[in-house]
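**Student:** Model the structure of this input:
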Amino acid sequence: MKRLVLMGSLFYLMMGFVKVTVASILTVLLPMYGKAYTDAGTLIFVEFGASIGGMLIQPWLSNQISKKTMLHIGAWGIAICYTIVAFLPAWPILLLAIGLVGFLGGIIDTVIGAVILEGLRSNAAIAMSRLEIAFGIGSLLLPLAIGILITSGMWNYALFGIAVYAILLSIFLRVMKFHEVEPLFLPAHKQHVSAGVTMGAASSGPLSAAVAAAATNQPLTSRGRLMIRGSLLLPAFVLLFFLYGSTDIGLVHYLPSLMLVNGLADDSTAPFSVTVFWAAMVIGRMFAGYEAEKLGYRKYLFIHWTGMIVLLALFAVNRSVTLSYVLIVLLGLTLSGLFVVTLVYAKKLMPRNIARNTSILMAGSAVGGGLFSVTAGHMLDTFAPAYVQWLMVSIALCSLVLYVLYVKEKNVGTSEASAAVVSHH
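**Tutor:** Here you go, the predicted model:
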């Protein structure tokens, strides 16, 4: 079972690289192509739109070909695309390559998640938490590497590095044997695995419980029975995730650019802001679940959404380099558990059609992030950067208002104390 978790972690490390690549190179890429932030928004939107396409087509592909084949295609495809990007091709080709990376990344994300959750069902959370940390490490290491390479004018070498890593992953997957869980990689119609395989491991944190519970059909336990009325619950959550994705994804992708245009960093140091943000995110994810358990989901979400609004507002008016990094750390810690705790809370209130609802909510977040990226790109070309930052504050405020009104409207009953889940992701 350790081999399966190792494989998943290595692929999620690569996905961490992939998710922050565009954000890390924007400050040097745009001047080279003579492009504006409007074009950057298009680039980000293409990547996220394509990733949604990959997520949606993966279930169909899993009925046609093996999951290993999909992972091999994904790894080699990403390697080829990043090699092309590293040689600075014509802008349309670059858009196509980044879009293909997003598409293949969406497939890899869902394949790894499905294999882990199906193969390690009894303790899937432990594995998922390790995957999440691997993703965070990749997201903080790549901007650091690119920032260092920018000073010597060799930032594109980081893309060559990702390409080599992807090829090595494919080779690793080719030679690695997974023994009793090997059938999980077969096309869906050929699988004969009726139950998950137990993985003996120590108990993981409550954040692990959140993701596993949201991604499977196993119900969370609670101290009180929830009384939910109305048919607008799912649309309300979709809108909530749409707004969250706009803030979170937009912040990550435009953080280096905002630091640059506000005079808080130069080309070489701007990518470090993403590294700092993701370092805080990784640390925050280690404790977010315990905090959510202790406070209860409703209180946790209220506190963290409120904190996000305050921090984004302070970031918009701040002009101190030191304070900017302090605020970035606090933002990373504040946002670290918002997505997953909200996902679990949605699962708790909508215990039916969990797999479908989870996919819809995650897609809502991705769409929000993509659309915000396009909007922010246009705004940065037209207005002062503060307008983009105050737009993020406004969106975060709308998220909080929607959340508060939804909680009151739905009249959630007796206890919102968090579920007693210590053995899931």
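
**Student:** mind showing which ranges of the stretch 151-300 of the chain have poor pLDDT?
**Tutor:** Residues of the stretch 151-300 of the chain meeting the criterion pLDDT under 70: 188-231.

**Student:** Can you tell me what sits against stretch 378-394?
**Tutor:** 36-38, 40-41, 246-247, 250-251, 254, 257-258, 261-262, 309, 312-313, 315-317, 375-376 (CB atoms under 8 Å, 6 or more residues apart in numbering). Bear in mind the C-beta positions are built from the backbone N, C-alpha and C, glycine included.

**Student:** Can you give the distance of it from its chain's centre?
**Tutor:** 23 Å (CA atoms, centre = their mean, to the nearest Å).

**Student:** What residues sit buried inside that stretch?
**Tutor:** Judged by neighbour count using 16 or more other CB atoms under 10 Å, the buried positions of stretch 378-394 are M379, L380, P385, V388, Q389, W390, L391, M392, V393.

**Student:** Now the two most distant members of those.
**Tutor:** With CB to CB as the measure, no two of these lie farther apart than L380 and V393, at 15.9 Å.

**Student:** Pretty sure L104 is one of the things I57 touches, is it not?
**Tutor:** No. Counting by CB atoms under 8 Å, I57 stays clear of L104, with 10.8 Å between them.

**Student:** quick one, which of these two is more surrounded?
**Tutor:** Per other CB atoms under 10 Å, whichever of I57 and L104 has more neighbours is L104, with 25 against 14.

**Student:** and after whatever helix or strand the more buried one lives in, which helix or strand comes next?
**Tutor:** Assessed by DSSP states H and E, L104 sits inside helix 91-119. Using DSSP H and E, the next helix or strand after helix 91-119 towards the C-terminus is helix 124-150.

**Student:** From the rest of the structure, what touches stretch 33-50?
**Tutor:** 22-23, 26, 29-30, 88, 91, 94-95, 98-103, 106, 249, 253, 257, 366-367, 369-371, 373-381.

**Student:** Is there a quick ChimeraX command that grabs whichever of these are buried?
**Tutor:** Filtering the contacts of stretch 33-50 down to the buried ones (16+ other CB under 10 Å) takes a single ChimeraX command:
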select :22,23,26,29,30,94,95,98,99,100,101,102,103,106,249,253,257,366,367,369,370,371,373,374,375,376,377,379,380
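
**Student:** residues contacting Y244?
**Tutor:** With contacts defined as CB under 8 Å, 6+ apart, the neighbours of Y244 are L338, F339, T342, S365, G368, S399.

**Student:** Just say helix, strand or coil for the third one.
**Tutor:** Going back to what we said before, that points to T342. helix (DSSP: H, G, I helix; E, B strand; the rest coil).

**Student:** The last one now?
**Tutor:** Following three-state DSSP, S399 is assigned to helix.

**Student:** and the nearest residue to it once chain neighbours are set aside, how many neighbours does it have?
**Tutor:** The shortest distance from S399 to any non-neighbouring residue, by CB to CB, 6 or more residues apart in numbering, is to L243 (4.3 Å). Residue neighbour count, defined by other CB under 10 Å, stands at 25 for L243.

**Student:** Sticking with L243, tell me its helix or strand.
**Tutor:** If you go by DSSP H and E, L243 is part of helix 233-261.

**Student:** For the next helix or strand after that helix, name the packing helices and strands.
**Tutor:** Next along the chain after helix 233-261, taking DSSP H and E as the criterion, comes helix 272-295. Helices and strands touching helix 272-295, by 3 or more CB pairs under 8 Å, 6 or more residues apart in numbering; DSSP states H and E, are helix 2-33, helix 124-150, helix 207-215, helix 233-261, helix 297-317, helix 321-335, helix 338-349.

**Student:** I'd like the distance from the second one to the chain centre, please.
**Tutor:** In terms of CA atoms, centre = their mean, the centre of helix 124-150 is set 11 Å apart from its chain centre.

**Student:** burial count for L402?
**Tutor:** Around L402 there are 16 other residues, counting by other CB under 10 Å.

**Student:** actually S320, not the one I wrote
**Tutor:** When counting by other CB under 10 Å, one arrives at 10 neighbours for S320.

**Student:** how near is it to L264?
**Tutor:** Distance of S320 to L264, given as CB to CB, to the nearest Å: 8 Å.

**Student:** do V282 as well
**Tutor:** Separation of V282 from L264 (CB to CB) stands at 23 Å.

**Student:** To F272, which of the helices and strands packed on helix 272-295 lies closest?
**Tutor:** Proximity to F272 (CB to CB) singles out helix 124-150 among these, at 4.9 Å.

**Student:** for that closest one, packing partners?
**Tutor:** Secondary-structure packing of helix 124-150 (3+ CB pairs under 8 Å, 6+ apart): helix 2-33, helix 91-119, helix 157-175, helix 207-215, helix 272-295.

**Student:** if I read this right, C398 contacts L240, doesn't it?
**Tutor:** No. Taking contacts as CB under 8 Å, C398 lies outside contact range of L240: 9.4 Å.

**Student:** Looking at those two, which has the bigger crowd around it?
**Tutor:** L240 (25 against 16).

**Student:** which residue sits closest to that one, ignoring its sequence neighbours?
**Tutor:** Closest residue in space to L240, ignoring its immediate chain neighbours: L402 at 5.7 Å, by CB to CB, 6+ apart.
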